[in-house]
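1. got a predicted model here, sequence first, then my questions.
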Amino acid sequence: MRRLLPGRPAPVTDVPPKTGDTRPLPGHVAIIMDGNGRWATGRGLPRIAGHKRGINSVRKITRHAKARGVRYLTLFAFSTENWLRPKEEVHGLFDLFRYYMRRECRTLAREGVRIRFIGDSSEMPQDIQSMMVEAENMTAAGDTMTLIVALNYGSRAEIVTATQRLAARVAAGELSAGDITDTMISAELNTSDFPDPDLIIRTSGEQRLSNFLLWQAAYSEFLFVDRHWPDFDEPSFDECLDLYCQRDRRFGGLRKSG
Ligand code: FPP
């Protein structure tokens, strides 16, 4: 079996790509949902209207990714840097999370989608923390797809915490510094239960990672799409899968076709 990192099995999917290409679809797709603000201001609307429309895309793409056989879908919903936005936008976003969780959790559970969160939940409002725990419990049996929501997530902070944990084990004499491996670091990250993303999509034309899954993206394929997130629909997602299937993933090795 192809391996992403030592000890980390590559995800596989059941559904072949629409193009008839024999390359497997990505098992794990991660999305930086960018452009909600620009979508709204371009229409003379307040930024929060863009985030509201963004929720529709979250719903549509989650359902569609599952239908296409994607096993893990990670959505970057709120970064550790997003606290720098005006208070009313942050509160508006939190209200939208509440709305989404109230409306969607039961549906996700019924559809067999397991929801998991990554990021530092301790800084989120208490009621949202409770909703997160409830959502994870309610959907725990889901086995069709895992929806990973990155909420108050920052990759550097995650790596710092992982490093501190390993350093503490070294200080306690449980481990020697030279024995630390990349597998051990992966195991200390928020994403330890999930495979690394095969494909990372960023909408809205920007071409950067913005502190998202820095370690996990070592061998991910990247697609930067011009559409704003509220306009990113099922055909856009299919197009990304098709483009992914045309990529030649070598993981540092040589082309299979020579
Ligand atoms: C980036 O657009 C988007 C965000 C910071 C928030 C994304 C949140 C949602 C789509 C809704 C909630 C999600 C879930 C999973 C319930 P931007 O505001 O940076 O857009 P801009 O770059 O055009 O200003």
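-> Perfect, thanks for sending it.
2. for the residue nearest the centre of the chain, which three-state class applies?
-> Compute the mean C-alpha point of the chain, and by CA atoms, centre = their mean the closest residue is residue 74, 2.0 Å away. Secondary structure, DSSP: H, G, I helix; E, B strand; the rest coil: residue 74 is strand.
3. which strand residues bridge it?
-> On the basis of DSSP bridges, residue 74 is bridged to residue 30, residue 148.
4. find me the pLDDT at it, would you?
-> Residue 74 carries a pLDDT value of 99.
5. what about it, distance to residue 187?
-> Look at residue 74 and residue 187: by CB to CB, to the nearest Å, they are 18 Å apart. For glycine as for every other residue, the C-beta is placed from the backbone atoms N, C-alpha and C.
6. sorry, back to before: show me what contacts the residue nearest to the centre of the chain?
-> Taking CB atoms under 8 Å, 6 or more residues apart in numbering, we find residue 74 in contact with 28-31, 118, 148-150, 194, 197, 213.
7. do residue 48 as well
-> Residue 48 touches 40, 88-89, 92-93, 96, counting by CB under 8 Å, 6+ apart.
8. among those residues, name the buried ones.
-> 40, 92-93, 96 (16 or more other CB atoms under 10 Å).
9. so which of those are also by the ligand?
-> When CB under 6 Å from any ligand atom is applied, the members of the buried ones among the contacts of residue 48 adjacent to the ligand are residue 96.
10. just the buried ones among the contacts of residue 48 now: which is nearest the ligand?
-> residue 96 (5.2 Å; CB to the nearest ligand atom).
11. how close does that closest one get to residue 77?
-> Distance of residue 96 to residue 77, given as CB to CB: 9 Å.
12. next one: residue 48
-> 14 Å.
13. can you point out the buried residues in the longest helix along the chain?
-> Scanning the chain for the longest helix, with DSSP state H as the assignment, gives helix 87-110. For helix 87-110, burial by neighbour count (16+ other CB under 10 Å) applies to 92-94, 96-97, 100-101, 104-105, 108-109.
14. that older thread, ok, and of the contacts of residue 74, which contact the ligand?
-> Contacts with the ligand are made by residue 149 out of those, judged by CB under 6 Å from any ligand atom.
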